[in-house]
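Peer 1: Would you be able to build a 3D model of this:
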Amino acid sequence: MRAELQEFIRQLPLLLRMLADPTTTHTAPELYCRLDAWGWDECLPALLHELQSNDSDVKQLVLSIICCAARMRGIELAHPFEAVVVKLLEDNDRLVRMSAILAIESLLASEPHVIAALRHIVGHDEPILANQALITLLELDPARSIIHEVAPLFRDRSV
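Peer 2: Numbers count the residues shown, from 1 in each chain. Take a look at the predicted model:
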């Protein structure tokens, strides 16, 4: 690994912390492009580590970067993050949970444990998160069969 790349990866956690608050609509796409230019695969371990940090702002930024990666180069590029993203659906910070829901949608993650986690959010989380989880469930279910199972949960909460 070249010395410049090693130095970039070493400074990546600091860079993410500096840019995580405040962010703009361009922060995540710009960072994704830079990470891709330096070497996405080489940056993966640092990004995974930051997703497991205690810094909510950094987690949200990394989740946004994952969404950009999935949109720009396909879900295969972001697939290594799926297990960590699913765990973040239970994060204490509601903004992290919202970012995780959006990342799940970008990753097109539709395994049974992901669907179960989204269903739980629909039935038990804050209304804004439940709304987004329901939208994500619908996006992940082109046959629209899940709506019959989830709608009663959502309806019961809305009354």
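
Peer 1: which ones are touching Ile75?
Peer 2: Applying C-beta atoms under 8 Å, 6 or more residues apart in numbering to Ile75 gives the contacts Ser106, Leu107, Leu108. The C-beta positions use only the backbone N, C-alpha and C, and glycine is treated the same way.

Peer 1: please redo it, this time with the cut-off set to 6 Å
Peer 2: Leu107, Leu108 (C-beta atoms under 6 Å, 6 or more residues apart in numbering).

Peer 1: And the one 10 residues further on, by the same measure?
Peer 2: If a contact means C-beta under 6 Å, 6+ apart, then Val85 has Ala100, Ala103 as its contacts.

Peer 1: what ranges do the helices span in this structure?
Peer 2: Here the chain has its helices, by DSSP state H, at 3-20, 27-51, 56-73, 75-78, 82-88, 94-107, 112-124, 127-140, 147-158.

Peer 1: Now tabulate those in JSON lines and tack on mean pLDDT.
Peer 2: Putting the helices of the chain into JSON lines (pLDDT from 0 to 100) gives the following:
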{"stretch": "helix 3-20", "mean pLDDT": "95"}
{"stretch": "helix 27-51", "mean pLDDT": "96"}
{"stretch": "helix 56-73", "mean pLDDT": "96"}
{"stretch": "helix 75-78", "mean pLDDT": "89"}
{"stretch": "helix 82-88", "mean pLDDT": "96"}
{"stretch": "helix 94-107", "mean pLDDT": "97"}
{"stretch": "helix 112-124", "mean pLDDT": "92"}
{"stretch": "helix 127-140", "mean pLDDT": "93"}
{"stretch": "helix 147-158", "mean pLDDT": "71"}
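
Peer 1: Local confidence estimate at Pro22?
Peer 2: We have a pLDDT of 89 for Pro22.

Peer 1: Angles on the backbone of it, please.
Peer 2: Per-residue torsions, Pro22: phi -90, psi 160 (degrees, to the nearest 10).

Peer 1: Quick check: it vs Val62, distance?
Peer 2: Computed as C-beta to C-beta, to the nearest Å, the Pro22 to Val62 distance reads 16 Å.

Peer 1: And Ser106, by the same measure?
Peer 2: Using C-beta to C-beta, Ser106 is found at 13 Å from Val62.

Peer 1: Same check on Arg94?
Peer 2: 17 Å.

Peer 1: now Ala28, nearest residue through space, not along the chain?
Peer 2: Spatially, and ignoring its direct neighbours in sequence, Ala28 is nearest to Ser64 (3.6 Å; C-beta to C-beta, 6 or more residues apart in numbering).
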